[in-house]
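# Sequence first, predicted coordinates after that:
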Amino acid sequence: MEIVTKLLISIFGVSAMVLTCHFFKLSRPSSISDLDEAKRLLDQDSVSFQSGASVLSRDRAVALIEQASGDSIGLLAAMGDGVVIRYLTPGSVKATRMGENSDLTIQLRDFTFRPVSIKFDDNSAARTWADKLNRMQESQA
């Protein structure tokens, strides 16, 4: 009986903490405020990364920044309370799919990184980045 009581008290305590955080809006999902922030985050992570063409999703959840040399693409995704960065090189992209409303879904070969969707403002920008990402599906010979 004592074990059941301790279990119920633990469940009640955890539930109270979750409800308190929800009520006071203490948990906010992260986002990328603008491309300057995305470039700053890339610069902090990899000093040698020289930024080229870049795009930020409409929902500010994903940014793509091409390296000036065209050798790789920095993928920044707001996840949890931070931003996760992956450097896409030839062979690192598993699939890129165009969706409705100028959306592009990116799946990496890295099983620890869930697929992300980037919402573009127009189809031509989505197609341009889809082509760049499709080139990253091919492994270097």
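Yep, that arrived.
# all helices in the protein, in order from the N-terminus.
2-23, 35-45, 123-135 (DSSP state H).
# Redo these as JSON lines? Include distance to Phe113 and mean pLDDT.
In this view, the C-beta of every residue, glycine as well, is placed from N, C-alpha and C. Listed next are those as JSON lines, based on distance: least, C-beta to C-beta, whole Å; pLDDT from 0 to 100:
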{"stretch": "helix 2-23", "distance to Phe113": "26", "mean pLDDT": "89"}
{"stretch": "helix 35-45", "distance to Phe113": "15", "mean pLDDT": "90"}
{"stretch": "helix 123-135", "distance to Phe113": "14", "mean pLDDT": "89"}
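# Can you tell me which of these is nearest to Pro115?
helix 123-135 (12.1 Å; C-beta to C-beta).
# If you count contacts, what does the closest one end up packed against?
Packed against helix 123-135, as judged by 3 or more C-beta pairs under 8 Å, 6 or more residues apart in numbering; DSSP states H and E, are the following elements: strand 62-67, strand 93-98, strand 103-108.
# Most tightly packed of the ones you listed?
Highest mean neighbour count among those (mean count of other C-beta atoms under 10 Å): strand 62-67, with a mean of 23.
# Could you list the paired strands of that strand along with their orientation?
strand 51-56 (antiparallel), strand 73-79 (antiparallel) (DSSP bridges).
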